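Visitor: I'll drop the sequence and a predicted model, then ask my questions.
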Amino acid sequence: MRIGEIAAAVGLTTRAIRHYHHLGLLPEPARRPNGYREYGLRQAILLARVKRLTELGLGLEEVRDVLADDEGRELTEVLAELDDDLARQEADIRARRARLAELLRMSREGLLPGEGPVSPGLAELFGRFGPAGSATAAKDLEHLALFDAATDPGHRDRIYLALRELADDPELAARMRELYARMDDLADAAPDDPRVEPLGKDLAAIVPDDLLAVLAHGGEDGGPSPRTESGMGSSFGEAFLDDFAPAQAAAVRQMLKALTERTGWTP
């Protein structure tokens, strides 16, 4: 058989067969007097085996190892590794589809934030956190979406749990709506507006101790969270404050000052 004939018989392309020759997967056959390769049944059997192995998902280097092992031990090991890899992929796909299903549900119910897709924890939190119509609440949710992408998942989920408990308390939820409204009222105010300092203190007062504990001791080992360049005294922290109107930023600074005085924790 010529190369086109064996390619058609096995279901490969002539280009693939030439590539297998180049890689050493398929030994060069004898040539006819006119220079054309002459393939026989043994080459067809070998090519069919290569095709089956690659269809299983084996790379050509793995196929080479399998073909070099006459006793079949390499094939058993490679297939076991492939099965483990496929199991991991399958679990990952199931988890991703479950997340997509939840996001689709929220989208149909009008609960999916414009900043999505986000983690499942934040997707749930968006449905209950912050009053509709508040510009400051909407800004907080944008900040949470950034936090969602940049923070260690374990620490992040512990903070979301504490925030859910905050939002689910009717009295605290009502207090949050009032504070958001007061923040909204400062949108066009001067930083020295007399409403700034009391608002900052009231914002600090609503933060429960359990949320502060998570913020201050959010490391994976239960110890303090690692200090990074994203703290409030950093360029990132200044950029965070600059995202607010001047009087609102001054209220946030007052809140942080009050929290530091209350707990000794420095954001």
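Guide: Received it, and whenever you're ready, just let me know what you need. None of these values were measured; they are calculated from a predicted model.
Visitor: and the helices in the stretch 51-200 of the chain?
Guide: 60-68, 73-108, 120-126, 135-150, 153-168, 170-185, 196-206 (DSSP state H, counting those that start in this stretch).
Visitor: ok, now how distant is A98 from M183?
Guide: Separation of A98 from M183 (C-beta to C-beta, to the nearest Å): 36 Å. C-beta here means a position set from N, CA and C on the backbone, and glycine is covered the same way.
Visitor: looking at these two, which one has more neighbours?
Guide: Ranked by neighbour count (other C-beta atoms under 10 Å), A98 and M183 place M183 first, with 24 against 11.
Visitor: the residue nearest to the more buried one when sequence neighbours are not counted and H143, how far apart?
Guide: The spatial neighbour of M183 that comes closest, neighbours along the chain excluded (C-beta to C-beta, 6 or more residues apart in numbering), is T136 at 4.0 Å. Distance of T136 to H143, given as C-beta to C-beta: 10 Å.
Visitor: the more surrounded of those two?
Guide: The neighbour count for T136 versus H143, taken as other C-beta under 10 Å, is higher for T136 (22 against 14).
Visitor: might one say that the more buried one is in contact with Y180?
Guide: Yes - applying C-beta atoms under 8 Å, one finds T136 in contact with Y180, separated by 5.0 Å.
Visitor: tell me the pLDDT at G264?
Guide: pLDDT, G264: 66.
Visitor: domains in the chain, by residue range?
Guide: Per automatic domain parsing, the structural domains of the chain span 3-68, 70-111, 113-263.
Visitor: the longest one: how far from the chain's middle?
Guide: In this view, domain 113-263 has its centroid 22 Å away from the chain centroid, taken as C-alpha atoms, centre = their mean, to the nearest Å.
Visitor: how near is the residue of the chain positioned farthest from its centre to P27?
Guide: No residue in the chain sits farther from the centre than P33, which is 61.0 Å out by C-alpha atoms, centre = their mean. Distance, P33 to P27, using C-beta to C-beta: 20 Å.
Visitor: what does E142 give?
Guide: 63 Å.
Visitor: go on, I45?
Guide: Distance, I45 to P27, using C-beta to C-beta: 13 Å.
Visitor: same check, this time on N34
Guide: For N34, the distance to P27 - C-beta to C-beta - is 20 Å.
Visitor: out of those two, which sits in the busier spot?
Guide: P27 (10 against 5).
Visitor: that one belongs to a helix, doesn't it?
Guide: No - under DSSP: H, G, I helix; E, B strand; the rest coil, P27 falls outside any helix and is assigned coil.
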